[in-house]
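Q: return a 3D structure for these sequence lines:
(chains A, B and C)
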Amino acid sequence: MLAIQLAYKNLVNAGLRTWLNVGVLSFVFIVVLFYKGFIEGWNQDAVLQNIDWEYANGQVHHPTYEPADFLSIQDAHGQLVDAKDQGLIPVLVRQASIYPDGRLMNVTVKGIEAHQNVVKIPTPSFTSDNKLQAIIGKRMAKAAQLKIGDDVLMRWRDKNGTFDAGNITIVDIFDTHVPTVDQGQIWMPIDVIWEITGLENEATYYLVGKQNKNPSTGNWKFHSQDDLLEEIRALIAIESFSGSIIYGILLSIALLAIFDTQVLSIFRRQKEIGTCIALGMTRQQVMVLFTVEGAMYSIFAMIMGSIVGIPFLLYVSGIGIHIGGISSEMGFTMGETIYPVFNIYLLFTTAFLIVGSATVVSFLPAQKISKMNPVLAIKGKQQ
Amino acid sequence: MIKFLFKGILRDKSRSVLPITIVILGVTLTIVLSGYLRGVMGDMTDQSARFQTGHVKIVTKAYEEAMDQMPIDLAILGVDSLLESLQKQYPNLQWVKRTNFGGLIDVPDANGETKGQGPAAGMALELFDPTSNEIERMNILSSIVVGKIPSKPGEAIIGQEFADKLKVKIGDEITYVGSTMNGSMSFKSFIVSGTIRFGSSALDKGAIIIDISDAQEMLDLEDGSTEILGFLNDGVYVHEKAEALKNDFNSKADTNDEFAPTMLTLKEQNNLGSYLDMVDVYSGLFVGIFVFAMSLVLWNTGLLGGLRRYQEFGIRLALGESKGRIYRNIIMEAVLIGTIGSVIGTTIGVGITLYWQQTGIDISAYLQNSTMMMPSVLRSKFTAQLLYIGFIPGLFAMVIGNMLSGIGIYKRETAILFKELEV
Amino acid sequence: MKYLLITILSLSFAFQNYPDADGILKKVDANMSSDTNITESSMVIHGKRNSRTVVSRSYGEGYKKSFSEYLAPAREMGTKMLKLEDRLWIYSPSTDRTIQLSGHMLRQSVMGSDLSYEDMMEDRKLTEMYNSKVIGEEAIDGRKVWVVELISKVEDATYHSRKAWIDQERYVPLKEELFAKSGQLLKRVTLSEVKKVEGRWYPTKMNYKDVLKDGEGTDFIIDKIEFNAEIPEHIFTKASLKK
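A: Okay, the predicted model is just below:
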């Protein structure tokens, strides 16, 4: 307790340099918090958006369906017998061509139930009449230059390979962070797709509607939400790792400052050290005093960082950080604006990291004290 | 004088070792961080420039309109004379031919009949011309899993996953089946010289990489290429330069010919504009703040160095040296120490940056076996800026730190300084 | 009432006036098909930038077997294609490889033309696949034609319906249109330069046009055709691809 009081006094009396050290450290604190909050915000958004728009509570794929391999689409369709009882929502994937302005564009057509509510594709926009109607994402709308209400000629094949063609009408355009449900995709009512292809009641994959860890799928492949999210999580893990290198370097600079200050103060205050020992403190106690002093920088930094940083971070998490529409080209889920997410856990782990490491670097130079000769120290003699 | 101080620095370890070490550490960290920030934050842009967009790209107008379909029939013809004039007109860029093509890769059995097939996403580069720097630019060497880069016509590298799927080994023959720019059927057999993993599942699943000369022959693209990419010589995208270049080039183009070449900047492609702006702001901010923090540390060091030697100064004052002379001495010493530290620190920092740029930090183990769209190797990026950025904290902060501590000499009485000599 | 009766009478009269479509198609078959044929043809492909002519010699036996060898241009020379029922192999001399095309690849266009491999591989007679009916009478280039409508009776016809304009005198088609199930026109074939070959009338020029795409389509010109020639059986084997 005495050590803490003394350390506090010493620091406060040291003036400017204390505050500069504290300033650097509190800045690091804010940066680490900010970066982690940013990654967490992206993570939560990406996970949420992917679940909301594409993955639902998991998917059950036809045995031969490979989402990455367009050649697999032709034959990957069938019926899972008890799909309906298990709350599985069928999606039928077909290939087709559209001809906006006489240009050929290959597209993936996905049939989905109009009254589904497991993904956010705005299927309620499908009108009840059975005409060829489609919903597309804004990226697709831009690529094909289509607006709501536009008609475009589409050519497809039915289950026997017979050509069919007709004008589809765009009834809605949605805005999503998930490019994989948008680019090159056309969403249509599944009963229309069933009718025009003759693949009545068939699906390429099913969306798992309600939480169901183990749907019975026969030879169909069940991909849980976690499996599907693995890729985006790994991507975020990279970003997170990459960020930790940045703030690792930043933190090491701040720690270097503390280390440096410690070396300096132990050097300058040899007489004080000698006096303390002469007054009856053990060398260990003096060592603790100096270590506490160093660690206290980080405590001050946490307090200062919180006072300055928390309102700032809360403000940022409110307005978000605009990063532009890169995700559509890169093919992964990232909103145009990321809203950082901060929580107590993040705050405490970051504070612990900084206080912990500051204590360690304060201790290292203080070790020297234990080897000091108190007589020489009190004389102020260099050793 | 300097020689004398230099001797002092070399002989008095307490004067040199700690401050120089800290300067070196600080400068190294500053440079490593800047290089790393540039590398990682610019990675997406850089990756896109290297793999897809170039700093500028030239295509025909007709190709531009249907770019996502990769229509080789709309390629630039007469590409060599165009390249020649580009090199003459814009010598501060490197111009290379690239052609993307689609098709099928067919693997034969012992009788030369189809054993397996897969859709291919092909890319033809100037692999055989070492001056094109394409191998380096695409990081092909470090992305190779087994085997080597094609060194003669008829060799190809394919994606590792693609090779696994088709059960192809190094030295096996594969046949490209596709169509030429005229739509004719095209067949060409290649010997697999290596397999590659870029860390991007889209590329790794169906990639085939061949030399442009093979592609020209195979696709009937005589003296043609679908794209010409231009890279600014220092490797850094500067939008103003690219924009000026584009305006200049496009103002000379024939507006009526749909096959006239037209230039696009990196920023116009792939929606990269706003991201690029953001990277600039953030990395500038980071580096600025870092330099500030670093200055603080070195200032401490400077103070420490000065304070340590009050006794010495006391003696020197007693011996009759003027305060100003001692002060100047301190500053000169700081300059020397700062310079030595900064030079060494810059050397080490640039070394680490170059090393990280070359080999990168492989974090694929950390990612286990997921299929990634992003590179699983983090790389730094060396820019000319790194050569001086370390000097700002290294030299100036050191000198300022010493200047501040040196003021103490003026403040204190000679007697007090001398008294500190007391034993 | 009287008018109505006349209308009905004249309508039925009109129907009776049209000959039986099957009969017409049989006569067309007599002109167009043979047990075997050997054809030398040129395909003119109009690209966006230039046109190319691909010359080939083909051997056909019924609808199920065919073998083609490309003769020109130099790039294509020696390329051979063998079709046996629903399988297709292509041999490329430059690589000495025999490649089997299947599934998705069959839907690609042949040599950049407006024809797909699938179009070329249709191996059933029209009368086997379609129900036909004469629906009218028109004139094309001054020649009177029957307009025959064909609607598929099998499920797996690539084109759900077709319309053919058949020369009333020579019994050769002068125009054909291919439709999607919805009735959307997809392709148009224009046949011309009808010549007498071995006692049959035969259109020696055909233009295929994918109407959804911009462009001029593909011309298919018969330079020489031989009907019911003796074709040795070994031609239709994979071994002949490498010869």
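
Q: which helix or strand contains A:Val360?
A: When secondary structure is defined using DSSP states H and E, the element that contains A:Val360 is helix A:344-370.

Q: check contacts around residue 22.
A: Picked chain A for this. Shown here is A:Val22, whose contacts under the criterion Cβ atoms under 8 Å, 6 or more residues apart in numbering or on different chains are A:297, A:300-301, A:304. To be clear about C-beta, it is placed using only N, CA and C from the backbone, and glycine gets the same treatment.

Q: switch to chain C, that's the one I care about
A: When contacts are counted by Cβ under 8 Å, 6+ apart, C:Asp22 is found next to C:127, C:132.

Q: element containing it?
A: Applying DSSP H and E as the criterion places C:Asp22 in helix C:21-32.

Q: please see if the lengthiest helix in chain A touches chain B.
A: Among the elements of chain A assigned as helix by DSSP state H, the one spanning the most residues is helix A:225-268. Yes: among the residues of helix A:225-268, A:230-231, A:233-235, A:237-238, A:241-242, A:245-246, A:249-250, A:252-254, A:256-257, A:260-261, A:263-264, A:267-268 lie within reach of chain B under Cβ under 8 Å from any Cβ of the partner chain.

Q: could you list the buried residues of the helix or strand just after that helix?
A: Taking DSSP H and E as the definition, the helix or strand that follows helix A:225-268 towards the C-terminus is helix A:270-278. Counting neighbours by 16 or more other Cβ atoms under 10 Å in any protein chain shown, one finds that the buried residues in helix A:270-278 are A:270, A:272-274, A:276-277.

Q: doesn't C:Ser109 make contact with C:Arg116?
A: Let me fix one detail, which is that residue C:116 is Ser and not Arg. Yes: in terms of Cβ atoms under 8 Å, C:Ser116 counts as a neighbour of C:Ser109; the distance is 5.5 Å.

Q: any idea how many residues pack against residue 230?
A: Reading this off chain A. A:Glu230 sits with 17 neighbouring residues when counted by other Cβ atoms under 10 Å in any protein chain shown.

Q: wrong chain, I was asking about chain C
A: For C:Glu230, the number of neighbouring residues by other Cβ under 10 Å comes to 6.

Q: how about the nearest residue to it, chain neighbours excluded?
A: Of all residues beyond its chain neighbours, the one nearest C:Glu230 is C:Thr36 (7.6 Å), with distances taken as Cβ to Cβ, 6 or more residues apart in numbering or on different chains.

Q: who are the contact partners of that neighbour?
A: C:59-62, C:227-231.

Q: run through the neighbouring helices and strands of the helix holding A:Val360.
A: For helix A:344-370, the elements it packs on are helix A:16-50, helix A:225-268, helix A:283-319, judged by 3 or more Cβ pairs under 8 Å, 6 or more residues apart in numbering or on different chains; DSSP states H and E.

Q: can you give me the helices for chain C?
A: According to DSSP H, chain C carries its helices in the segments C:2-17, C:21-32, C:117-121, C:126-129.

Q: contacting residues around the last one?
A: Contacts of helix C:126-129 from elsewhere in the structure, counted by Cβ under 8 Å, 6+ apart, are C:22, C:25-26, C:29, C:132, C:150, C:152-154, C:157, C:162.

Q: domains of chain A?
A: The record, using automatic domain parsing to delimit domains, assigns chain A the ranges A:2-51+A:230-379, A:59-223.

Q: comparing those domains, which yields the minimum mean pLDDT?
A: Here those differ in mean pLDDT, and the lowest is domain A:2-51+A:230-379 at a mean of 78.

Q: chain center to that one: distance?
A: Average the C-alpha atoms of domain A:2-51+A:230-379, do the same for its chain, and the two points are 23 Å apart (Cα atoms, centre = their mean, to the nearest Å).

Q: again, but for stretch C:57-74
A: Centroid separation for stretch C:57-74 versus its chain: 14 Å, with Cα atoms, centre = their mean.

Q: what sits up against it?
A: Looking at stretch C:57-74 with Cβ under 8 Å, 6+ apart, the contacting residues turn out to be C:35-41, C:52-56, C:76-85, C:122-125, C:231, C:235-236, C:240.

Q: stretch C:162-170 too?
A: With Cβ under 8 Å, 6+ apart, stretch C:162-170 has contacts from C:24-25, C:28, C:31, C:126, C:130, C:137-138, C:140, C:143-150, C:172-179, C:194, C:201.

Q: strands along chain B, start to end?
A: Along chain B, counting by DSSP state E, strands occupy B:56-60, B:76-77, B:93-108, B:114-125, B:144-147, B:155-159, B:173-179, B:185-196, B:207-211, B:224-225, B:227-232, B:261-265, B:361-362, B:377-378.

Q: the fourth one packs against which elements?
A: For strand B:114-125, the helices and strands in contact under the criterion 3+ Cβ pairs under 8 Å, 6+ apart are strand B:93-108, helix B:160-166, strand B:173-179, helix B:201-206, strand B:207-211, helix B:212-218, strand C:97-101.

Q: where among those is average confidence lowest?
A: helix B:201-206 (a mean of 65).

Q: what does chain C have sitting close to chain A?
A: Taking Cβ under 8 Å from any Cβ as the criterion, the neighbours of chain A within chain C are C:103-104, C:118, C:152, C:155-160, C:178, C:180-182, C:184, C:186, C:212-214.

Q: could you rerun that using 10 Å?
A: When proximity is defined by Cβ under 10 Å from any Cβ of the partner chain, chain C lies next to chain A at C:103-107, C:118, C:152, C:154-161, C:178-187, C:210, C:212-215.

Q: out of the residues you listed, which end up buried?
A: For these, a burial check counting by 16+ other Cβ under 10 Å picks out C:104-107, C:118, C:152, C:157-161, C:178-181, C:184, C:186-187, C:210, C:212.

Q: rewinding a little: got the angle for the longest helix of chain A vs helix A:344-370?
A: Using axes from the mean of the first three to the mean of the last three Cα atoms, to 10 degrees, the direction of helix A:225-268 lies 30 degrees away from that of helix A:344-370.

Q: overlap in contacts of C:Ser116 and C:Ser109?
A: By the contact definition Cβ atoms under 10 Å, 6 or more residues apart in numbering or on different chains, C:Ser116 and C:Ser109 are jointly contacted by C:Asp210.

Q: grab the longest strand from chain C for me.
A: Longest strand in chain C, counting residues (DSSP E): strand C:185-197.

Q: which elements pack onto that one?
A: Where contact means 3 or more Cβ pairs under 10 Å, 6 or more residues apart in numbering or on different chains; DSSP states H and E, strand C:185-197 is packed against strand A:163-174, helix C:21-32, strand C:130-140, strand C:161-167, strand C:173-179, strand C:200-210, strand C:218-227.

Q: I'm done for today, thanks for sticking with me.
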